[in-house]
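S.K.: any chance you can model this:
(chains A, B, C and D)
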There are 2 protein chains.
Amino acid sequence: MDVKLMPHATSVKILDAAESSFAEHGFAATSLRDITTKAGVNLASVNYHFGSKEALLASVLKRRFGPVNQARLALLTQLEADATQGPSVEGLIHALLAPVFQQRREWDDQGTKFLQLIGRLHGVPHTLVRSIMKTQFAEVFERFVPAFQRALPHLEAEEVALRIFFLMSALINAMTWSGSEILGSGQPCDADALLDALVQFGVAGMAAPSRQLAPVSR
Amino acid sequence: MDVKLMPHATSVKILDAAESSFAEHGFAATSLRDITTKAGVNLASVNYHFGSKEALLASVLKRRFGPVNQARLALLTQLEADATQGPSVEGLIHALLAPVFQQRREWDDQGTKFLQLIGRLHGVPHTLVRSIMKTQFAEVFERFVPAFQRALPHLEAEEVALRIFFLMSALINAMTWSGSEILGSGQPCDADALLDALVQFGVAGMAAPSRQLAPVSR
DNA sequence: GTCTATATGCGGATAGAC
DNA sequence: GTCTATCCGCATATAGAC
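M.R.: Numbering: from 1, shown residues only, chains lettered A, B, ... in the order given. Okay, here's the model as predicted:
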């Protein structure tokens, strides 16, 4: 039976506890003892089920990335079916951002922890982490870059990819900081307002003129 | 005599080594042994000069944040002196972004490490780190938010602050990933291209319509 | 200010009974 | 699959000579 369908299985309890602890304290600062204590399982069970601390991290990431990216691709497929001349920039950006917020609602508190973890890992230059991130995002990039190019024919693929990267950075860090108050503004802002603001910002940023056409005056 | 002016002082060697190691491996994963070995100084000197590992991190951050933010504020002052009706969005964004690239050139390899460190810390939800970040950015926000509002009168202060946060996130993560290849696009991109691309993206994003005026279609 | 030596505890991983 | 017990190394921090 699929482990994912057994919410009280030891391996699931370990994944949940690891996700929270890695998010709160970082990978290196979290001990297997922290994790097993929080999960209420035996210390040795981590190595039994996952083999090592690193392999545990990989499992934590794989469990969550799948559904988000599948939702993104499904929304893109839907958009392409609806508009024969290609999806709009707004639609594409919404397809890229909304699944994160949607999944977070379904995951509840655990999802918030996962997003914090991603925020952390996005800034980590380590080979292991980056290769996991790239692998997870590869298909999304492959399909979204051409779709954006169709909607924004003045941009080259590299520029589209770079802008998607900017947007994803803003998304990831916004998710990480939401709850605490954003720098400068006095109050924390709720998730829906954040999504709206990100879409506004992202649509304009993605559609900005190419730098060849409009050099910046200084 | 000011410690900063003595490049071969033990405390400076420790700061440099700590900056590099924290950036490469993270705060928790870096031991004081790593740092003192790299710096070529004695293990006990860290506690003598800085008191603790945490205080060492704070010192590392304070050393670099100052010059960047001073340069930002100086550029803003210059822009305000040049244009009596207020600086342009392009000018403001350039004033916000360029000092980072400028300082990195002056700092050379050490500066790159520092930027990697910031990329890491930006995703860390810990109280200590966040309070340092907020303190360092407070004055920049205080002066840039009203300046942006003058150039973009359709936006409220909260929206301006949020968009600056998005832009800073893109900046920080771009600096962290530059050198390695950005997700999706095949090749690493150099610093100047990155700055140009960020300015293009940021100008459009900052100037996007407010969400009240243009609700997103889905 | 700098060194050696060391106190004291926690880290990941595993062996082997049940 | 789960548990206890343990190996062995590395961590931060400090004491005290020089």
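S.K.: contacts and neighbour counts: CA atoms only from here.
M.R.: Noted.
S.K.: what is the burial count for whichever residue of chain A sits closest to DNA strand C?
M.R.: Nearest residue of chain A to DNA strand C: A:Ser31, at 3.2 Å (C-alpha to the nearest atom of the strand). Using other C-alpha atoms under 10 Å in any protein chain shown, A:Ser31 has 16 other residues around it.
S.K.: give me phi/psi at it?
M.R.: phi -100, psi 160 (degrees, to the nearest 10).
S.K.: tell me how far it lies from chain B.
M.R.: For A:Ser31, the distance to chain B equals 11 Å [C-alpha to the nearest C-alpha, to the nearest Å].
S.K.: grab the nearest non-local neighbour of A:Glu90.
M.R.: Once flanking residues are discounted, A:Glu90 sits nearest to A:Val203: 5.9 Å by C-alpha to C-alpha, 6 or more residues apart in numbering or on different chains.
S.K.: for A:Glu54, what are its contacts?
M.R.: Neighbour list for A:Glu54: empty [criterion: C-alpha atoms under 8 Å, 6 or more residues apart in numbering or on different chains].
S.K.: over to A:Arg120?
M.R.: Contacts for A:Arg120 were tallied using C-alpha under 8 Å, 6+ apart; they are A:Ala23, A:Gly26, B:Arg120, B:Leu121, B:His122, B:Gly123, B:Val124.
S.K.: neighbour-wise, which of the residues you listed leads?
M.R.: Within the contacts of A:Arg120, most neighbours by other C-alpha under 10 Å means B:Gly123, with 28 neighbours.
S.K.: measure A:His126 to DNA strand D for me?
M.R.: For A:His126, the distance to DNA strand D (C-alpha to the nearest atom of the strand, to the nearest Å) stands at 17 Å.
S.K.: measure that residue to B:Arg120 for me?
M.R.: Distance from A:His126 to B:Arg120, counting by C-alpha to C-alpha, to the nearest Å: 11 Å.
S.K.: what does A:Phe141 give?
M.R.: On the measure of C-alpha to C-alpha, A:Phe141 and B:Arg120 end up 23 Å apart.
S.K.: please apply the same query to A:Ala98.
M.R.: Counting by C-alpha to C-alpha, the gap from A:Ala98 to B:Arg120 is 25 Å.
S.K.: how deep is the nearest residue to A:Ile164 once chain neighbours are set aside tucked in, by neighbour count?
M.R.: Closest residue in space to A:Ile164, ignoring its immediate chain neighbours: A:Met206 at 7.5 Å, by C-alpha to C-alpha, 6+ apart. If you count neighbours by other C-alpha under 10 Å, A:Met206 ends up with 28.
S.K.: looking at it, A:Met206 is touching B:Phe201, isn't it?
M.R.: Yes: using C-alpha atoms under 8 Å, A:Met206 is in contact with B:Phe201, at 6.7 Å.
S.K.: now do the shared contacts for these two.
M.R.: Common contact partners of A:Met206 and B:Phe201 (C-alpha under 8 Å, 6+ apart): A:Arg163.
S.K.: below-threshold pLDDT in chain A: ranges please.
M.R.: Residue ranges of chain A with pLDDT under 70: A:1-5, A:7, A:179-189, A:212-218.
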